[in-house]
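Colleague: Have a look at this prediction, sequence included:
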Amino acid sequence: MRKKVTKAIFPVAGLGTRFLPATKSVPKEIMTLVDRPLVQYAIDEARAAGIKEFIFVTSRGKGALEDYFDNAPQLEQELRRKGKDELLEILKSTNMESGEIAYMRQHKPLGLGHAVWCARRLIANEPFAVILPDDVIAGDKPCLAQMVEAFEETQSNIVAAMEVPEDQASSYGVLDIKEDMGAIVSTKGMVEKPEFGTAPSNLAVIGRYILTPTVLQKLNKKRTGAGGEIQLTDAIADAREDGEEVYGYRFKGQRFDCGSKAGFLQATVAFALARDELRDDLWAYLNDVVHSEKAAQ
């Protein structure tokens, strides 16, 4: 019987130190990209892919993240009283139904693999998705929905992949390619953050995964890898060595690294320009900035 992906893990325990002092009191995941927090983009993408259960791996100080998904009766009442129905509908769309969402604590920052392992009891023996909210992907069809379609065919581990310059490969997990079939790539293995010049390809893994329960079993070993952390890519590679297929998926869309300030700003501009009500004013401003800089040179 073909299995469906209905559960997703969102590792959100990081401290977001690259965005200090903002993240001193505000979790990075609810920093706003235009007018929606990063995590809302991830949730919307998951819903579009058919995800029904949302598992957040959090840490101390993430209370504001949990509150974001709760009902806000006083705010809803005020919007209703003022007849702001459109805003009320937007607000309601951010609510999560009881039983839809769960929170697990990662008490020590031991790596992405460890964060996923923390949610093992809620996954049990089912395939599951992992979404990193830092990676925001714009596309006509959401990235995870594309991957779910591929999983329905392969019923195997799938990681989102994109081509990166050689000098950036050491910042990623990189695929060792067995056969390149276009959108889908079969692999011989994966290397986490290879040293410069040693990467097996230029196809890097980014923050979307569909994984089998075998990967969770491999994470039970709690084997440390690059950076002294428990790496998810190592567990995926171990599953591959045991005979499970691991595919890379070249998604259609543009990925923004919102874990960096530059990437966050680039995403802000791109998503704002995609909005009809913002495009003209922002475009005019950007043109003014560009022309004034050229004049100054």
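Modeller: Sure thing, it's come through.
Colleague: Need the residues that contact the longest helix belonging to the chain.
Modeller: Ranked by number of residues, the top helix in the chain under DSSP state H is helix 276-296. For helix 276-296, the surrounding residues in contact (Cβ atoms under 8 Å, 6 or more residues apart in numbering) are 34, 269, 272-273. In short, each C-beta sits where N, CA and C put it, glycine included.
Colleague: Just to be sure, Y209 is in a strand?
Modeller: Yes. Counting by DSSP: H, G, I helix; E, B strand; the rest coil, Y209 is found in a strand.
Colleague: these two touch, right, it and A160?
Modeller: Yes. Counting by Cβ atoms under 8 Å, Y209 touches A160, with 7.2 Å between them.
Colleague: Which residues belonging to stretch 164-181 are considered buried?
Modeller: Within stretch 164-181, the residues that count as buried by 16 or more other Cβ atoms under 10 Å are 164, 169-170, 172-177.
Colleague: In strands, which of these fall?
Modeller: Using DSSP state E, the members of the buried residues of stretch 164-181 that fall in strands are 173-177.
Colleague: Make a markdown table from these and add pLDDT and distance to T233 to it.
Modeller: Output for these, formatted as a markdown table (pLDDT from 0 to 100; distance: Cβ to Cβ, whole Å):
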| residue | pLDDT | distance to T233 |
| --- | --- | --- |
| G173 | 84 | 4 |
| V174 | 88 | 9 |
| L175 | 89 | 10 |
| D176 | 86 | 11 |
| I177 | 88 | 15 |
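Colleague: Can you lay out the residues you listed as JSON lines showing distance to P200?
Modeller: Formatted as JSON lines, these follow (distance: Cβ to Cβ, whole Å):
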{"residue": "G173", "distance to P200": "11"}
{"residue": "V174", "distance to P200": "6"}
{"residue": "L175", "distance to P200": "7"}
{"residue": "D176", "distance to P200": "4"}
{"residue": "I177", "distance to P200": "7"}
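Colleague: what about the helices in the stretch 51-200 of the chain?
Modeller: In the stretch 51-200 of the chain, helices defined by DSSP state H, counting those that start in this stretch lie at 63-68, 73-81, 85-92, 112-118, 120-123, 143-154, listed in chain order.
Colleague: Would you point to the one among these that's packed deepest?
Modeller: Mean neighbour count (mean count of other Cβ atoms under 10 Å) peaks for helix 112-118 among these, with a mean of 24.
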